[in-house]
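Asks: okay, predicted coordinates and the sequence, questions at the end:
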Amino acid sequence: METLKLQIGFRFHPTDEELLLHYLKRKVLSLPLLANVIPELEAFQFNPSDLPGDLKEKRYFFCKRKRNLVNKCGYWKSSGKDKQVVASGSNNVIGIKKSFVFYQDRKMKTKWIMQEFSLVGFLKTPFLNQRLLMQVGDWVVCRLYQRKRKARSHGATAYNSKGASVAQTPSFLPMSLSCSSGITDVSSSDLDQEASSRFL
């Protein structure tokens, strides 16, 4: 799998509207993308910590709309209600955002969040004289990130480097349990630390 490499100083932080109009819409219509920064990858099929990119940054992937929420490391569970994405300067709904949380070993909730964006259009019904919202195209774009832990004095949940909540680990499971898909990537922070250590 090809690892996404961005130029030094480049940050990719698109808004929901930008993701839908400038990236997903062009992908669905088979138009050339403005920048090749979103790889095609069935992200739901992997352990989130094994996906390419910096673990501390938000990562983006184009996926097919028909997805399997279960993989060999755990499963993705729908979280909250679907949200409509409205174009700025109008009340036109341009997309739907769904959120998922990753669970390891059935009951162990992690801090990994996947947001799935899909384009929508309106279908006019001749008999009911109303417009129905429907998804457009075979592609979605996903945003993956780790939920930040809130600072609390008691009962704060600890997370390990893979994003799993350590406090909820069942006592009968080994603490060194890991699930890797074989995808590896070196983050920019690792390179920065190595470079800085040479000059100290």
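Replies: Noted; the coordinates are in hand.

Asks: so residue 107 versus residue 74, what's the distance?
Replies: Distance, residue 107 to residue 74, using Cβ to Cβ, to the nearest Å: 10 Å. Every residue, glycine included, has its C-beta placed from N, CA and C.

Asks: likewise residue 83?
Replies: Per Cβ to Cβ, residue 83 is found 24 Å from residue 74.

Asks: how about the helix or strand hosting residue 137: buried residues?
Replies: Using DSSP states H and E, residue 137 maps to strand 130-146. Within strand 130-146, the residues scored as buried using 16 or more other Cβ atoms under 10 Å are 136, 137, 139, 140, 141, 142, 143, 144, 145, 146.

Asks: that one pairs with which strands, parallel or anti?
Replies: Counting by DSSP bridges, the strands paired with strand 130-146 are strand 59-64 (antiparallel), strand 108-125 (antiparallel).

Asks: quick check: mean pLDDT of it?
Replies: Strand 130-146 shows a mean pLDDT of 80.

Asks: again with stretch 48-66
Replies: So the average pLDDT for stretch 48-66 ends up being 90.

Asks: one step back: when residue 83 and residue 74 are compared, which one has more neighbours?
Replies: Neighbours per residue, other Cβ atoms under 10 Å: of residue 83 and residue 74, the larger number sits with residue 74, 22 against 14.

Asks: CA-only coordinates of stretch 30-37, as CSV, when you get a sec.
Replies: Below are the C-alpha coordinates for stretch 30-37, written out as CSV (Å, rounded to 0.1, in the frame of the first residue of the first chain):
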residue,chain,number,x,y,z
SER,A,30,-14.6,10.8,-11.9
LEU,A,31,-13.1,14.2,-12.2
PRO,A,32,-9.4,14.9,-11.5
LEU,A,33,-8.9,15.8,-7.8
LEU,A,34,-7.3,19.1,-6.8
ALA,A,35,-4.6,17.3,-4.8
ASN,A,36,-3.9,13.6,-4.5
VAL,A,37,-4.0,13.6,-0.6
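
Asks: tell me where this structure has helices.
Replies: Applying DSSP state H to the chain gives helices spanning 16-18, 25-28, 188-198.

Asks: worst average pLDDT in those helices?
Replies: helix 188-198 (a mean of 42).

Asks: for the closest residue to residue 22 other than its chain neighbours, what are its contacts?
Replies: In this structure, residue 22 finds its nearest non-sequential neighbour in residue 34, 6.0 Å apart by Cβ to Cβ, 6 or more residues apart in numbering. Residues counted as contacts of residue 34 (Cβ atoms under 8 Å, 6 or more residues apart in numbering) are 22, 23, 26.
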